[in-house]
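**Q** Model the structure of this input:
(one chain, ligands or ions: 2)
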Amino acid sequence: MDRIARLEAHLRPIDQPQVASIERQQTAMSAPKAKVAVLGAGGGIGQPLAMLMKMNPLVSDLSLYDVVGTPGVAADLAHIDTAAKVTCATGPEELSKALYGCHLVIIPAGVPRKPGMTRDDLFNINAGIVQGLCEGISKYCPKAWVAIISNPVNSTVPIAAEVFKKAGTYDAKKLLGVSKLDVCRAKAFWAELAGVIPAKVDVPVVGGHAGVTILPLLSQATPKVDLAKDKAKALMERIQNAGTEVVEAKAGKGSATLSMAYAAAEFGNSCLRAMAGESNITECAYIESNVTDLPFFATKVTLGPDGVQDVGSLGRLNELEQENLEALKAELRGSIQKGIDFVASGKAGSK
Ligand SMILES: NC(=O)C1=CN([C@@H]2O[C@H](COP(=O)(O)OP(=O)(O)OC[C@H]3O[C@@H](n4cnc5c(N)ncnc54)[C@H](O)[C@@H]3O)[C@@H](O)[C@H]2O)C=CC1
Ligand SMILES: O=C([O-])CC(=O)C(=O)O
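**A** Ligands and ions are numbered 1, 2, ... in the order given. Prediction:
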């Protein structure tokens, strides 16, 4: 190769993948550093969620925790050439290591449904798991935002609140039940109906995260689609039963994992963007609320640097939605109380 050819080779413009990789690294370098923990990282949701968080440039440290299987997931993810540094911890004696210094903790730990079960049937196992993990959070990262995926969300979020209250670390603005998958489903189904791409769709979903407590506000969906009452009712029921649709299709092999991982990664990204000071970040989330007479309720919220900044109102409901709102209250109230009573009873010992 002569001198000119060597010089040309040296000056050859870098290719697209290289540019993308450099841009990712630059974004990550200029972004605030966030440590994110996934508790239940070895599971059906935990693994793809951990991968999606590994790809998020706002994450500097990704902490993977589970009672089993974490080293394999961590070794695997550590070979992805993104900036987030992966660490892993296994079992309660390593929980402190997993949580120390975390800004955001996402919890998909616990058992999933099998066909024929309700989410509430998971309470007996998952309530204690969430309680134990939240006791750890109150000790090792009491200022972290906490996003709870473990079912039954209608009860596990009140459980977390009670644990934090007992420990004196409760900040209602930073405790978020992840109901985003209901919004993803509502958007996917509405987009099909409206004949547009889901990115152009908005559908608020309020209430809770189980059966009839899931209340999609189709009258407020955009773009507008004129739906007869029976069609709107059928679509509302499809959204309410969408989790069961997946449980049945998986026929005993668990519940939604990939769509949930996607929803949680998007939700986590919103939390990190808000934490970093970006404004106008909105999500639907199940939080402590005074929008209704129930102590916890999912609505649209605006996230700010310190957690929930504004809680959206319900807006105008049509007759069908108003009927459903009244109908869901008894079940949701019962699930909330069940969570509160569980912690008060001291049934699950602290770890
Ligand atoms: N909020 C929502 O929209 C959704 C919630 N879920 C819920 O998410 C939970 C997890 O579902 P999958 O990932 O499919 O279940 P999975 O069984 O595949 O994974 C759960 C993981 O949690 C781990 N785990 C159990 N006890 C633990 C503890 N004490 N500390 C840390 N990790 C622990 C298990 O070892 C396992 O790796 C279930 O409760 C499910 O109902 C599922 C889909 C949607
Ligand atoms: O249905 C389940 O058990 C899991 C879940 O919460 C969902 O997919 O919405």
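**Q** Tell me which residue of this protein lies closest to ligand 2.
**A** With Cβ to the nearest ligand atom, the shortest gap between the chain and ligand 2 falls at Gly243, namely 2.4 Å. The C-beta positions use only the backbone N, C-alpha and C, and glycine is treated the same way.
**Q** Which parts of the stretch 101-250 of the chain are helices?
**A** Counting by DSSP state H, counting those that start in this stretch, one finds helices in the stretch 101-250 of the chain at the ranges 123-140, 153-167, 180-194, 229-240, 242-250.
**Q** and the ones you listed as CSV, adding distance to ligand 1?
**A** Output for those, formatted as CSV (distance: least, Cβ to the nearest ligand atom, whole Å):
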stretch, distance to ligand 1
helix 123-140, 4
helix 153-167, 5
helix 180-194, 4
helix 229-240, 12
helix 242-250, 6
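**Q** what about Gln322, neighbour count?
**A** For Gln322, the neighbour count with other Cβ atoms under 10 Å is 12.
**Q** Looks to me like it is in a helix.
**A** Yes. Assignment of Gln322 by DSSP: H, G, I helix; E, B strand; the rest coil places it within a helix.
**Q** now it: how far from Ala127?
**A** Per Cβ to Cβ, to the nearest Å, Gln322 is found 32 Å from Ala127.
**Q** Let me know the secondary structure of Phe297.
**A** Taking three-state DSSP as the rule, one finds Phe297 in the strand state.
**Q** Specify the beta-bridge partners of it.
**A** Ile287 (DSSP bridges).
**Q** got the contact list for it?
**A** Phe297 sits next to 206-208, 286-287, 289, 291, 332 when contact means Cβ atoms under 8 Å, 6 or more residues apart in numbering.
**Q** Give the residue spans of this structure that score low on pLDDT.
**A** Counting by pLDDT under 70, the low-confidence segments of the chain come to 1-32, 348-351.
**Q** Tell me who's in contact with Ala103.
**A** Not quite, residue 103 is His, not Ala. With contact taken as Cβ under 8 Å, 6+ apart, His103 is in contact with 34-36, 141, 144-145, 272, 275.
**Q** right, I mislabeled it, should have said Leu215
**A** Applying Cβ under 8 Å, 6+ apart, we find Leu215 in contact with 205-207, 236, 321, 324-325, 328.
**Q** Which ones, among those residues, also lie beside ligand 2?
**A** Among the contacts of Leu215, proximity to ligand 2 is found for none (Cβ under 6 Å from any ligand atom).
**Q** ok so, going back, list the contacts for the residue of the chain closest to ligand 2?
**A** Under the criterion of Cβ under 8 Å, 6+ apart, the neighbours of Gly243 are 113, 119, 181, 255-256.
**Q** Of the helices of the stretch 101-250 of the chain, which stretch is the most buried?
**A** Mean neighbour counts were compared across these using mean count of other Cβ atoms under 10 Å; the top stretch is helix 153-167, at a mean of 24.
**Q** Does anything pack onto that helix? Which helices or strands?
**A** Counting contacts by 3 or more Cβ pairs under 8 Å, 6 or more residues apart in numbering; DSSP states H and E, helix 153-167 packs against helix 123-140, strand 145-148, strand 175-177, strand 281-288, strand 296-304, helix 319-345.
**Q** Apart from its chain neighbours, what residue comes closest to Ser150?
**A** The spatially closest residue to Ser150, leaving aside those adjacent along the chain, is Gly110, at 4.0 Å (Cβ to Cβ, 6 or more residues apart in numbering).
**Q** same thing with Ala344?
**A** With sequence-adjacent residues excluded and distances taken as Cβ to Cβ, 6+ apart, Ala344 is closest to Glu162, at 7.1 Å.
**Q** That neighbour and Val343: what is the separation?
**A** In this structure, Glu162 and Val343 are separated by 4 Å, where distance is defined by Cβ to Cβ.
**Q** And Tyr100, by the same measure?
**A** In terms of Cβ to Cβ, Tyr100 sits 24 Å off from Val343.
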